[in-house]
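*Asks:* Fold the following for me, if possible:
(one chain, ligands or ions: 1)
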Amino acid sequence: MAASSFNDESSLFNFVVKQGNGVKGLVDSGQTTVPGQYIQPPHHRINKEHVAGSLENMTFDLSELDGPNHEQVAKAITHAAETLGFFQVVNHGVPLELLESLKVVAHKFFTQPAEKKAVYLKGVSPSPMVKYGTSFVPEKEKALEWKDYLSMTYTNDSDAFNFWPSECKEEALEYIKTSTEMVKKLLQILIGNLGVKPNDSRLDELVGLKMVNMNFYPTCPDPNVTVGVGRHSDMGTLTVLLQDGIGGLYVKKGDQNASLEDEEWIGIPPIDGALVINIGDTLQILSNGRYKSAEHRVRTTSSQSRVSVPIFNAPLPVVKIGPLPEVVARDGVARYREVTFEEYMNNFFAKSHDGKKSLDFVSL
Ligand SMILES: O=C(O)CCC(=O)C(=O)O
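*Replies:* Numbers count the residues shown, from 1 in each chain. Here you go, the predicted model:
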């Protein structure tokens, strides 16, 4: 289909969202300008003037947790969680060849013809645990995000083998399996630092829901007016993110209440073999606000398609999330009300990305 045939907003929306052609299909159709639906209001654009450098000295070698530097590394991790809410890790236990394969299979999935991907669209997908789509919640957004995605929720190995797309299921499953120990180790350090000793079953409960996504950001004619992903924080406990070498991920620094003119963003530089870790809203809630879920966003790129592969680790839907009683007793006040993770998640997916407003749902 030629770009010029999108003569109104609904024909573009049908083509991209409903028929499952995605932004990839739009670009492949020969679109050389940014359609109106993708033009962000000025305060959502990623203005390079607000970029205050890139993340340095925030890459931790996790193999050091098993040696004499344990305390020092653990302290640096908790400091990162209390400030930026973002850090990177190396020697994390996920094989480096797997990281390379994940990037390859992500490209493989998205470069297939649209009809192969559209079988996983919401409503027709063979399982509610697998979803292919574009943007975040297109029906609710004033401006769409320049991104297609595949989301796979882990329930058990056999469902993954039966329902996840064959192009990437083995790698995605292996990624979950090889990263979970590291995630639990980080949670043990972070929760332990709050004066609470989580036992194994509590740790398992906090990562009971695992969603692995593959994000595909096609080249964009104008990165100055679009976003790959808008400003948001993640809803779960800890996100593990593999990004390729292109870059474009930014995290908001410092004062969360800074005005739009004064806010500063830091680039998360791609590091070969590293994984990015970020704190999600659930960990901010459990810690009664001590750990900061990181507000982040992604700039589009005009030179090459970018891929990233996050695993969102979160509690099972039935688990109640609220500030840990030990922390509330010490702080003398609970800053968030208790809800089930399902309630939190439903609220999260009911709205478009808007910074850390997701936390308003439980803030007291
Ligand atoms: O692509 C990235 O670097 C980040 C992706 C992200 O923030 C998300 O999927 O929620």
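*Asks:* helix/strand/coil for His277?
*Replies:* Heads up, residue 277 is Ile, not His. Of the three states, Ile277 takes strand according to DSSP: H, G, I helix; E, B strand; the rest coil.
*Asks:* now do Phe15
*Replies:* Going by three-state DSSP: Phe15 is helix.
*Asks:* Let me see the confidence value for it.
*Replies:* According to the prediction, Phe15 has pLDDT 94.
*Asks:* Pull the contacting residues for the nearest residue to it once chain neighbours are set aside.
*Replies:* Leaving aside its sequence neighbours, Phe15 sits nearest to Asn21 (Cβ to Cβ, 6 or more residues apart in numbering; 5.2 Å). The way it works is simple: take the backbone N, C-alpha and C, and place the C-beta from them, glycine included. Contact analysis of Asn21 by Cβ atoms under 8 Å, 6 or more residues apart in numbering lists 15, 29, 114.
*Asks:* Would you mind listing the buried residues in stretch 271-278?
*Replies:* Under the neighbour-count criterion of 16 or more other Cβ atoms under 10 Å, stretch 271-278 has 274-278 buried.
*Asks:* chain center to it: distance?
*Replies:* The chain centre lies 13 Å from the centre of stretch 271-278; the measure is Cα atoms, centre = their mean, to the nearest Å.
*Asks:* Give me the distance between the residue of the stretch 201-350 of the chain found nearest the ligand and Leu173.
*Replies:* When distances are taken as Cβ to the nearest ligand atom, the stretch 201-350 of the chain reaches nearest to the ligand at Ser308, 3.2 Å away. Here Ser308 is placed at a distance of 18 Å from Leu173 (Cβ to Cβ, to the nearest Å).
*Asks:* So those two - more neighbours on which side?
*Replies:* Legend: neighbour count by other Cβ atoms under 10 Å for Ser308 and Leu173, higher for Ser308 (26 against 17).
*Asks:* Can you point out the helix or strand that includes that one?
*Replies:* Remark: Ser308 resides in strand 306-314, with elements defined by DSSP states H and E.
*Asks:* What is that strand packed up against?
*Replies:* Where contact means 3 or more Cβ pairs under 8 Å, 6 or more residues apart in numbering; DSSP states H and E, strand 306-314 is packed against helix 96-110, helix 169-192, strand 209-217, strand 238-243.
*Asks:* Could you dump the ones you listed into CSV and include mean pLDDT?
*Replies:* What follows is the helices and strands packed on strand 306-314, written out as CSV (pLDDT from 0 to 100):
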stretch, mean pLDDT
helix 96-110, 98
helix 169-192, 97
strand 209-217, 98
strand 238-243, 98
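*Asks:* could I get these as CSV with distance to Gln284?
*Replies:* Output for these, formatted as CSV (distance: least, Cβ to Cβ, whole Å):
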stretch, distance to Gln284
helix 96-110, 28
helix 169-192, 11
strand 209-217, 17
strand 238-243, 11
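*Asks:* got CSV for the ones you listed, with distance to the ligand too?
*Replies:* Below are the helices and strands packed on strand 306-314 laid out as CSV (distance: least, Cβ to the nearest ligand atom, whole Å):
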stretch, distance to the ligand
helix 96-110, 11
helix 169-192, 14
strand 209-217, 5
strand 238-243, 5
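*Asks:* Okay then, goodbye and thanks.
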